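Chemist: following is a predicted model, sequence given first.
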Amino acid sequence: MISDPAAPAASPARRVKLAPSLLSCDFTQMGEELGRLADADCPADWAHVDVMDGLFVPNISFGLPILAAARRASPLFMDVHLMIERPERYLRDFAEAGADGLTVHVESTQHIHRAVGMIRELGKRAGVTLNPGTPLEAVRPVLGDVDLVLVMSVNPGFGGQKFIPQSVERVRTLRHWLDELGSEAELEVDGGVTPANARLLADAGATVLVAGSSVFGPDGPHAGLRRLREALA
Ligand code: DX5
Ligand code: ZN
């Protein structure tokens, strides 16, 4: 079959979701910040919630009461990223506090398969993620059991870090593996996402982009979201 030369080349097949990370919001007004994310003109799709325990990562962020408050303030899908040791100890608590999706690090538990199974048993969307230095093969055995795969494009622990360029190739490989499996799982990228790399990531196969500092900038989340949307258009 002769292909149409006028057809657009490899544009992203799916509408990419934007998931602002609350880690970068103004905590003195988290409810208002969440309200701004729902702005009808250029709304966020999910809210990304970064939980850090000071052990798995060298920083402590926030935990259950903040997630519960965010849940009360917003109907957005709460995409909870657990950067904690042995997350299975707290999965039920985070589910009850209002998580819609729970993502666990393959490096944080001896039993990743059990952890993702527990998340699904709690009726939540199960995600798996891995640090930039962890071989992709580490998540391959559970790709058929998850609803989301998260590629960390910085070393987790802090907002505002520089994007690691090799992450693009990792997204491409995972897209290939998920497609081979016929998986509908979301492929999310987190860390250093900006209007300069958003389109590249979407073209590589990402379906959800997390963004903290590039959304909650000095001119507010609405402007930040609009810049990302324009870059993806
Ligand atoms: C890093 C967190 C990220 C972070 C992203 O450990 O998992 O979600 O908040 O922030 P930016 O977009 O500023 O890199
Ligand atoms: Zn995160």
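Modeler: All right, it came through fine. None of the values given here were measured: they were computed from a predicted structure. Numbering: from 1, shown residues only. Ligands and ions are numbered 1, 2, ... in the order given.

Chemist: give me every residue that touches the residue in the chain that ligand 1 sits nearest to.
Modeler: Among the residues of the chain, Gly212 lies nearest to ligand 1; the distance is 2.8 Å by Cβ to the nearest ligand atom. Every residue, glycine included, has its C-beta placed from N, CA and C. Contacts for Gly212 (Cβ atoms under 8 Å, 6 or more residues apart in numbering) come out as 20-21, 23-24, 48, 159-160.

Chemist: closest to Val106 out of these?
Modeler: Minimum distance to Val106 across these is 18.6 Å, recorded for His48 (Cβ to Cβ).

Chemist: report the contact partners of the residue in the chain positioned nearest to ligand 2.
Modeler: Distance from ligand 2 to each residue of the chain (Cβ to the ion) is smallest for His81, at 3.7 Å. Contacts for His81 (Cβ under 8 Å, 6+ apart) come out as 48-51, 103, 127, 129, 150, 190, 210.

Chemist: do the same with Gln161
Modeler: Per Cβ under 8 Å, 6+ apart, neighbours of Gln161: 154-155, 191-192.

Chemist: is any part of whatever helix or strand Glu230 lives in close to ligand 1?
Modeler: Assigned by DSSP states H and E, Glu230 belongs to helix 220-232. No - for helix 220-232, no contact with ligand 1 is found by Cβ under 6 Å from any ligand atom; the gap never falls below 10.0 Å.

Chemist: CA atoms only: put that helix into CSV for me.
Modeler: What follows is helix 220-232, C-alpha atoms only, in CSV (Å, rounded to 0.1, in the frame of the first residue of the first chain):
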residue,chain,number,x,y,z
GLY,A,220,0.9,30.7,38.2
PRO,A,221,-0.2,27.2,37.1
HIS,A,222,-2.6,28.4,34.5
ALA,A,223,0.2,30.0,32.4
GLY,A,224,2.5,27.0,33.1
LEU,A,225,-0.1,24.5,31.9
ARG,A,226,-0.9,26.6,28.8
ARG,A,227,2.8,26.6,27.8
LEU,A,228,3.0,22.8,28.1
ARG,A,229,-0.2,22.3,26.1
GLU,A,230,1.1,24.6,23.4
ALA,A,231,4.3,22.7,23.2
LEU,A,232,2.3,19.5,22.8
